[in-house]
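J.: everything below, folded, please.
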Amino acid sequence: MNQKVTNYIVKYPTGQEPTITKPAEFSSYRFILGKQGTCPLVAICMNPSAADKTSSDRTINRIIKISKSLNMDGWIVLNTYPERATNAKMINSFCQKLSDENLTIIKNFLIENNIKEVWGAWGNDKNINALVCGKNQLITMLKDMGIKVYYFGTLTKKGNPRHPIQRWEKWDPSKKEYLPL
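T.: Numbers count the residues shown, from 1 in each chain. The predicted structure follows:
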């Protein structure tokens with residue numbers, strides 16, 4: 001994705017603007033986006049879309065809403081694969097170097113912030129090779145680190161935690177289930 005797609009852009013809720021972004025400027029990939037806190041909601045989605053340090057999107061705003069309902073003092077969004085695409089079918093071929101950089105940034109963030117569990121919010125990978133590979137490598141890393149992955153509601157038919165936007169059921173965010181890693 002070489003430019004912003006304006007029909008996906010929305011405003012951040014007041015006071016929820018990000019304090020951490022990597023890379024800092026809008027580019028064709030994003031490793032991390034969020035509002036740092038002492039107890040943030042850490043969500044892992046499939047791949048980044050349109051949100052950046054100045055503009056949000058519907059997924060990010062849904063994550064912010066859930067973080068507030070859980071009384072978290074921040075929100076962080078990571079992704080199984082860092083290439084931006086508002087339509088996942090437009091993702092390029094899997095790039096191991098890009099995936100390795102994503103995994104390193106995620107691992108360092110989790111260690112530096114003493115994060116022991118994350119919200120799995122990636123949905124189905126649509127058999128897109130880059131997403132499948134990125135997800136599998138990330139799950140292996142989280143398992144090796146002893147990081148628990150939870151989800152709200154039920155899993156998809158393919159066994160994935162549901163994406164914050166593409167869900168058909170009401171969630172009770174106070175009730176979480178854990179993926180068997």
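
J.: who touches residue 125 in this structure?
T.: By C-beta atoms under 8 Å, 6 or more residues apart in numbering, the contact set of residue 125 is 46, 80, 88, 131-132, 135, 160. Backbone N, C-alpha and C define where each C-beta goes, glycine included.

J.: can you give me phi and psi for it?
T.: Torsion angles at residue 125 (phi, psi; degrees, to the nearest 10) stand at phi -90, psi 0.

J.: and the residue lying closest to it once chain neighbours are set aside, how many neighbours does it have?
T.: Counting by C-beta to C-beta, 6 or more residues apart in numbering, residue 125 lies nearest to residue 131, which is 4.0 Å off, once chain neighbours are set aside. The burial count assigned to residue 131 is 24, neighbours taken as other C-beta atoms under 10 Å.

J.: pLDDT (mean, whole number) over stretch 166-175?
T.: The average pLDDT within stretch 166-175 is 82.

J.: okay, now it: how far is its last residue from its first?
T.: With C-alpha to C-alpha, to the nearest Å as the measure, stretch 166-175 spans 19 Å from end to end.

J.: where does this structure have low pLDDT?
T.: In the predicted model of the chain, residues 1-7, 167 satisfy pLDDT under 70.

J.: what's the most distant pair in the contacts of residue 125?
T.: Distance extremes for these: the farthest pair is 88 and 160 at 13.2 Å, using C-beta to C-beta.

J.: helices or strands up against the helix or strand hosting residue 65?
T.: For residue 65, the element it lies in under DSSP states H and E is helix 58-69. When contacts are defined as 3 or more C-beta pairs under 8 Å, 6 or more residues apart in numbering; DSSP states H and E, helix 58-69 packs onto strand 40-45, strand 74-79.
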